[in-house]
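Engineer: need a 3D model of the sequence below.
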Amino acid sequence: MSNQSFRILSNLRRLQLRQSQFRKYGPAFISRWQSTTHSKEERSRRLPDDGVTLSHFISNSQSNSKPANEQGEDIGPIPISAPLGIESSQFSNRVLKFHLKTYGCQMNVSDSDIVRSILLDENATFSGNQISFEETQEEMDADILLTNTCAIRENAESKVWQRLRELRAHDNKNPLEKLTIVEAEEENEDRLENAVRFSKKKKAQKRKRIIGVLGCMAERLKEDMFKDGTADLIVGPDAYRDLPRLINALAPKPISTTGQPLYETPMMERALNVELSFDETYADITPVRANPGDVSAFVSVMRGCNNMCSYCVVPFTRGRERSRELESIVEEARILYEQSGVKEICLLGQNVNSYHDRSENAILTNPALETAGNEDDHSKKDIYKAGYQTSNDGFSNMFRLRGGAGYYFVDLVEAVSNISPELRVRFTSPHPKDYPPELLSLMAERHNVCNHLHMPAQSGSSTVLERMRRGYTREAYMELIDDVRSTIPDVAITSDFITGFCGETEEEHEDTLSLMDHVKYDQAFMFAYSMRGKTHANRTMTDDVPDEVKSRRLQEVISMFRTNIQIRNDELEVGKLRLLLVEGESRRSKEGARTWGGRTDQNKRVVFPISGETPECWSEESVSPILNALNRTYPSNTMIRSDLFHDFARSPKVEIQAGDYALVQVDDARGHTLRGKLMWRASMQGFHEMGLDQSDLGLFGSLLTK
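Structural biologist: Predicted coordinates:
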């Protein structure tokens, strides 16, 4: 292929890419591209004025032989002799390796699965080039180093900055390879016709890795993430579909495969897309999980948050709430259960229990009763209020436009739990205002909807809660706790707490300690307050609690939790039979003291010892006849009972695998981790049908653990 052909192909690719970018993003993209490119480089990348225009390329693909511009004027023949029909297959498929590290919440974990799916799409084609990606677990083997970030606290951002500096330093010391880069300059076009002079413009460059920042920190800081050259690529949570195109623009492009490979200078040195969306949910993308063998899986059901709590940056980094269609969520959960062996689905969202499917199909299927007939007869308030209910009258909404037709969270939980009685369903992260009585009743009725509620209080003081704009008082929250425990007696309640919020007094801090002592949470996530930019607190309040006071109060909150959880688990868990979803060998298992573990319905971790390579125990089929006989009115004949135990003891044992349900009797509690004895392999239905809520199996229990 001649040098002129190389030039024409390069120009065509640039024209096509810029045209598609302008159609998709408009003038905003052009200004952004210019803002991230140095002026000298702009001049060096300017297209040569060889008489070839975009109209020539458009007309060349049409049937008429006479090229014309948009006004229909004849623009003359294409002023080149080389053919334009150069197929991308003439160049080898480019394979780029990426490494993806995730910080932060479960939503970031889910988003990383979406990013992985987008990059591993085998059918992605960009600008006439076929490009594909492979994931690697070794950072220095990667062409692209991606970090999915969290912006909820300053400490989280500090970790990311440190990582970016380390990655750039390692990359500078250990570049991937040397490439022969061809730089075209319009001032010296004659060189393109002379191979000798053309070769003088080739130069070997070290190929640097593309360092990309994804997620909330990228969205919050935007162009500031390019500081000190630590990042090349910035992509917000709603722009992950654009990743392949942006990476393609940053990566050197092959323009020759004969002899010594030649590469064209990348179109951009830095790339950014942090546009937030009103409708992006990635519903059509099947996530590629980092650990496909896990027995639990997150399913994202909604994105964004409308609550606007004064301390929280999430509405500014994740955007407004929007929910996926119910049918797509149920189908994803069904596939995970039936095809991937997943036994537990965790419905995921920033404010998950405010889920509201307002799609056309949802509105037609589940209309709001209050708006039947002529909508002109109803006010907007009535229309939006229809169908929505807070936890109790003490809760309010910062976002007023809630309610109306469609599916709500209780409808979603019911639909997912209908997939199978052996599929566990849990959800995170909710807001306390969105626990209507219907949801609590459903959880009490459905054995496969986990008895675990996360209810972030953030503070125990009504005055602090008002400054936080949480929409409830201490009294309303405590009333909700009472309602939950009366409806779901065996429920586990977890929470979040912030110490040292703006203006917090010692009296207000004591209110938090007293709330924790009253509720006795089963788990808590506790942090000192960290001021975040753009938030209501940042604009209107002063972060006036000294760091040493924040730290002292945080330690008091942690101490209160630890004291209470030990007392609570000693009273409620030790001696209890718990149905465990087995996850596999525990992290602290070691030779000579091997242990496996899993989680209970209440999301408490239980570990149990094993004697061999894998756990062995009795099966539910062997145990259930004996339990049924013992539960019935039975002759108190010790010989008959001995015969029953003798027959049972001769039945074979079965292996336990990750994903099995197993019955464990808890015999020790160490903080919020429980230890127990493996009893038998079970099913969720069998466990509840036999009413195994007793704490002691007596002689039979002793036999089982031998």
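
Engineer: in this protein, where is pLDDT below threshold?
Structural biologist: By pLDDT under 70, the weakly predicted segments of the chain are 1-93, 123-130, 178-206, 255-263, 265, 369-387, 400, 630-648, 693-706.

Engineer: one more pass at 50, please.
Structural biologist: Counting by pLDDT under 50, the chain has low-confidence residues at 6, 22-54, 56-71, 73-91, 184-200, 371-375, 380-385, 633-640, 694-695, 699.

Engineer: buried sites along the longest helix along it?
Structural biologist: Scanning the chain for the longest helix, with DSSP state H as the assignment, gives helix 547-572. The neighbour-count check on helix 547-572 (16 or more other C-beta atoms under 10 Å) flags 549-550, 553-554, 556-557, 560-561, 564-565, 568-569, 572 as buried. Placement of C-beta: from N, CA and C, glycine included.

Engineer: would you check that Asp660 makes contact with Val582?
Structural biologist: Yes - using C-beta atoms under 8 Å, Asp660 is in contact with Val582, at 5.0 Å.

Engineer: the two: who's more crowded?
Structural biologist: Val582 (24 against 19; other C-beta atoms under 10 Å).

Engineer: so which strand or helix has the more buried one?
Structural biologist: Per DSSP states H and E, Val582 falls inside strand 577-585.

Engineer: what packs against that strand?
Structural biologist: Counting contacts by 3 or more C-beta pairs under 8 Å, 6 or more residues apart in numbering; DSSP states H and E, strand 577-585 packs against strand 595-600, strand 661-670, strand 673-682.

Engineer: so what touches the shortest one?
Structural biologist: Spelled out, that is strand 595-600. Strand 595-600 is contacted from outside by 578-586, 588-589, 605-610, 615, 656, 662, 674, 678, using C-beta atoms under 8 Å, 6 or more residues apart in numbering.

Engineer: quick one: it to strand 661-670, angle?
Structural biologist: 100 degrees (axes from the mean of the first three to the mean of the last three C-alpha atoms, to 10 degrees).

Engineer: touching, Asn353 and Pro430? I think so.
Structural biologist: Yes - if you go by C-beta under 8 Å, Asn353 and Pro430 touch, sitting 4.1 Å apart.

Engineer: comparing those two, which residue is more hemmed in?
Structural biologist: Asn353 (27 against 22).

Engineer: what residues are up against that one?
Structural biologist: When contacts are counted by C-beta under 8 Å, 6+ apart, Asn353 touches Phe409, Phe427, Pro430, His431, Asp434, Tyr435, Leu439.

Engineer: for it, which three-state class applies?
Structural biologist: Counting by DSSP: H, G, I helix; E, B strand; the rest coil, the backbone at Asn353 sits in helix.

Engineer: so it versus Gly691, what's the distance?
Structural biologist: 30 Å (C-beta to C-beta, to the nearest Å).

Engineer: now do Leu412
Structural biologist: Distance from Leu412 to Gly691, by C-beta to C-beta: 29 Å.

Engineer: next: Ser459.
Structural biologist: Taking C-beta to C-beta, one finds Ser459 at 40 Å from Gly691.

Engineer: those two: which is more packed in?
Structural biologist: Taking other C-beta under 10 Å, Ser459 and Gly691 do not tie; Ser459 has more neighbours (25 against 9).

Engineer: the more buried one against Asp511, yeah?
Structural biologist: Yes - taking C-beta under 8 Å as the definition, Ser459 is a contact partner of Asp511 at 7.4 Å.

Engineer: which parts of the stretch 51-200 of the chain are helices?
Structural biologist: Counting by DSSP state H, counting those that start in this stretch, the stretch 51-200 of the chain has these helices, from start to end: 54-60, 106-119, 154-173, 195-200.

Engineer: what sits against Val606?
Structural biologist: Counting by C-beta under 8 Å, 6+ apart, Val606 has contacts Arg578, Leu580, Gly597, Gly598, Arg599, Thr600, Val664, Val666, Thr673, Leu674, Arg675, Gly676.

Engineer: quick check: of the residues you listed, which lies closest to Asp224?
Structural biologist: Arg599 (40.0 Å; C-beta to C-beta).

Engineer: is that closest one in a bridge, and if so with what?
Structural biologist: Note on Arg599: beta-bridge partners by DSSP bridges are Leu581, Arg605.

Engineer: quick one, which of the helices of the stretch 51-200 of the chain is nearest to Ile211?
Structural biologist: helix 154-173 (5.5 Å).

Engineer: before we move on, back to that, tell me the one among the contacts of Val606 nearest to Pro315.
Structural biologist: Nearest to Pro315 among the contacts of Val606 is Arg599, at 31.1 Å by C-beta to C-beta.

Engineer: ok, the closest one to Val664 distance?
Structural biologist: Arg599 is 11 Å from Val664, where distance means C-beta to C-beta.

Engineer: quick one: which of the two has more around it?
Structural biologist: The neighbour comparison of Arg599 against Val664 (other C-beta under 10 Å) goes to Val664, with 26 against 21.

Engineer: show me what contacts the residue lying closest to the more buried one once chain neighbours are set aside?
Structural biologist: Excluding its sequence neighbours, the residue lying closest to Val664 (C-beta to C-beta, 6 or more residues apart in numbering) is Gly676, at 4.0 Å. Going by C-beta under 8 Å, 6+ apart, Gly676 touches Arg578, Val606, Val607, Phe608, Val664, Gln665, Val666, Asp667, Asp668.

Engineer: the same query, at a cut-off of 7 Å, please.
Structural biologist: Counting by C-beta atoms under 7 Å, 6 or more residues apart in numbering, Gly676 makes contact with Val606, Phe608, Val664, Gln665, Val666, Asp667.

Engineer: same check on Met531?
Structural biologist: Shown in contact with Met531 (C-beta under 7 Å, 6+ apart): Ala537, Asn538, Asp543.

Engineer: which of the residues you listed has the largest number of neighbours?
Structural biologist: Ala537 (21 neighbours).

Engineer: so it sits in a helix?
Structural biologist: Yes - Ala537: assigned to a helix according to three-state DSSP.

Engineer: which other helices and strands contact whatever helix or strand Cys617 lives in?
Structural biologist: Element membership of Cys617 [criterion: DSSP H and E] is strand 616-619. The contact analysis (3 or more C-beta pairs under 7 Å, 6 or more residues apart in numbering; DSSP states H and E) places strand 616-619 against strand 654-655, strand 673-682.
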